[in-house]
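# Sequence first, then the predicted structure, then my questions.
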There are 2 protein chains.
Amino acid sequence: MKKVILMLAAVLTMAACCNKQETATTDPADVVMQNILNRKSVRSYTGDTIPAAVMENILKAAMSAPTGMDVRPWSFVVLTDKSQYETIFAGNFNMKKFMESGAVVVICADTTVTRPPRDNPDGPAVTVDDPIWRDDMGACTENLLLAVEAYGLGACWTACYPFPDTMKPVKEALGLPASVVPYAIVPIGYPSTENTPKDKWDPARVHYDRW
Amino acid sequence: MKKVILMLAAVLTMAACCNKQETATTDPADVVMQNILNRKSVRSYTGDTIPAAVMENILKAAMSAPTGMDVRPWSFVVLTDKSQYETIFAGNFNMKKFMESGAVVVICADTTVTRPPRDNPDGPAVTVDDPIWRDDMGACTENLLLAVEAYGLGACWTACYPFPDTMKPVKEALGLPASVVPYAIVPIGYPSTENTPKDKWDPARVHYDRW
């Protein structure tokens, strides 16, 4: 009888363990939604280094963005040498967020595509302006920010393109090729403060069948 | 003794149940990463209706995008009346994906912002072109696509802006205000085929400290 009671206790403990897991285990769709809803701009960081494996996953997420005609206009310059920041980010008024970050990712975009002329698919390749590189880059930057959120990090999307005063020092200091623009500057770090996401849901922004 | 064996069987079954849950329960960061890496363009759908609660969450995700100066340029027109599609999407060559979808979301953007003049913060509000609405919209569209993926749905980001032939019939048929453009057209539905994401990871796209 004692053995039975012990076994029963074990079953109950196991059941409690399973229930606890079920509570912690939310549906994957809920996990994804919560991550999207929890993403927010973070501008204060502890300065701690970001592990290389985490940074690689963040960049993998960025490179998984959708891209029209599979052009993949993105490249990334990862910065950690703070002695260069005053020069690179001379066009920015808030230097604190860069100085406190664990790393700054400059998200770059090639604004051109090289392909055969549209009216002669067998002709020699020409380089033309890509009309939708900027849309790919918005998606790419958002993927990066969502991965940042998932790893308990914080970041702040700092617009660079199309502002000449912000772009010029970045482009010069980093030695970007002629057709490549610095699209966005993203300091990333472990948050040093609490940060609450905005609730931006507004059903009035949704129309059905027509505006 | 028989009771003990039965109890032991129950414990083992419970343990197996727990193990199965542990296997299914990945870390939230892994779940988010997998969703980002699994997102892909889907162009064939079953035509099944998308539940209203799922569509609302998809639109909540879209409205959670980052937006410069908190402008929130987005609005959405949700379409399900297929009899209108030939007119609205006259500028598109692939009508099949719209006709097979459960719904089409036309993601719209207000290209202007209304605020006091920069050189006179106390002056009367003026409406000016927003230089970064397009970046917000790329992020907004990606959030929508990631929520679509999370709910087991598929979608295809179909560029509309800045192509006049694609934009004109959409803008006219949906009655969009003068400053609002149809940014992207996104058919959404339950996939009718297997779809494999591309692996776009390319470490050569990552530079350190300078290009």
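Noted; the coordinates are in hand. Numbers count the residues shown, from 1 in each chain, chains lettered A, B, ... in the order given.
# Which strand or helix spans the residue nearest in space to the middle of chain A?
Nearest residue to the geometric centre of chain A (CA atoms, centre = their mean): residue A:144, 1.6 Å. According to DSSP states H and E, residue A:144 maps onto helix A:133-150.
# Next one: the nearest residue to residue A:32 once chain neighbours are set aside from residue B:82, what distance?
Excluding its sequence neighbours, the residue lying closest to residue A:32 (CB to CB, 6 or more residues apart in numbering or on different chains) is residue B:150, at 3.8 Å. Any C-beta I mention is one placed from the backbone N, CA and C, and that applies to glycine too. Remark: distance between residue B:150 and residue B:82 (CB to CB, to the nearest Å) = 26 Å.
# so what's the nearest residue to residue A:147 once chain neighbours are set aside up against?
For residue A:147, ignoring the flanking residues on the chain, the nearest one in space by CB to CB, 6+ apart is residue A:61 at 3.7 Å. Each residue near residue A:61 by CB atoms under 8 Å, 6 or more residues apart in numbering or on different chains is listed here: A:143, A:144, A:146, A:147, B:33, B:36, B:37.
# Read off the pLDDT value for the fourth one.
Put plainly, it is residue A:147. We have a pLDDT of 98 for residue A:147.
# from what I can see it touches residue A:62, true?
Yes: judged on CB atoms under 8 Å, residue A:147 makes contact with residue A:62 at a distance of 7.4 Å.
# C-terminal to the helix holding residue A:144, which secondary structure element comes first?
Heading C-terminal from helix A:133-150 (DSSP H and E), you reach strand A:154-155.
# And the contacts of that following strand?
Contacts of strand A:154-155 (CB under 8 Å, 6+ apart): A:40-43, A:45, A:144-145, A:148, A:186-191, A:195.
# What is the neighbour count of residue A:143?
By the criterion of other CB atoms under 10 Å in any protein chain shown, residue A:143 has 26 neighbours.
# Now do the contacts for it.
A:61, A:62, A:64, A:65, B:36, B:142.
# any idea what sits nearest it, other than its immediate chain neighbours?
Closest to residue A:143 by CB to CB, 6+ apart is residue A:61, at 4.5 Å.
# By mean pLDDT, point me to the weakest helix or strand of chain A.
helix A:2-24 (a mean of 48; mean pLDDT, DSSP states H and E).
# Would you map the helices across chain A?
Ranges of helices in chain A, per DSSP state H, are A:2-24, A:28-38, A:52-62, A:85-88, A:96-100, A:133-150, A:164-174.
# wait, residue A:92 sits on residue A:98?
Yes: with contact defined as CB under 8 Å, residue A:92 and residue A:98 form a contacting pair (7.4 Å).
# Need the overlap of contacts for the two.
Jointly contacting residue A:92 and residue A:98 under the rule CB under 8 Å, 6+ apart are residue A:185.
# If you average the pLDDT over the lengthiest strand in chain A, what comes out?
The strand that spans the most residues within chain A, counting by DSSP state E, is strand A:180-189. For strand A:180-189, the mean per-residue pLDDT is 98.
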